[in-house]
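Novice: Following is a predicted model, sequence given first.
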Amino acid sequence: MIIREGTLAEAVNVLGKIEEFARVETLASLKRRIGDKACLALVADDDGELVGVKLGYQLDDDCFYSWIGGVTKQGRRRGIAQGLLHAQERWVASHGYQTIRVKSRNCYAGMLCLLLNNHYHIEHLEKKDELAQYRLHFVKKITSN
């Protein structure tokens, strides 16, 4: 398993394999969202098969936003999400950001546990129509090593 910087096209490829996402992302939708901001697309490559992705971009000089990511069903329970998170944190620290922000939903228990286990703190709850769709906003201070 190799975690490496990937392209937005590779990110679209992996995101399309993750059934939990209701909205289908395209190369155009990713480019629209990111615009001209600095960004990082990480992919998990298992012998040529892309099984994970983590995509984020700069919010401001001090803060990086971890926007979207996931692992395909065949890649789960192998530490891929943890590896992607650590790789993103290392990149963020090496590029001088002070914090990472990320949102998740109540319905993604695995992601919530991953964030809490990695010392992300809940800073805000955004209520939606259904409890399962409530958004939890997380933040983590990043230290350079």
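Specialist: Nice, thanks for sending it over.
Novice: For the nearest residue to residue 53 once chain neighbours are set aside, which three-state class applies?
Specialist: Nearest residue to residue 53 in three dimensions, chain neighbours excluded: residue 14, at 3.9 Å (CB to CB, 6 or more residues apart in numbering). Where you see a C-beta, it was placed from the backbone N, CA and C, and this is true even at glycine. Secondary structure, DSSP: H, G, I helix; E, B strand; the rest coil: residue 14 is helix.
Novice: Pull up the gap between residue 14 and residue 86, please.
Specialist: When distance is defined by CB to CB, to the nearest Å, residue 14 is 18 Å away from residue 86.
Novice: before we move on, what about residue 131?
Specialist: Residue 131 is 31 Å from residue 86, by CB to CB.
Novice: on that earlier part again, can you give me every residue that contacts the residue nearest to residue 53?
Specialist: 43, 50, 51, 52, 53, 70, 72 (CB atoms under 8 Å, 6 or more residues apart in numbering).
Novice: Cool, thanks, signing off.
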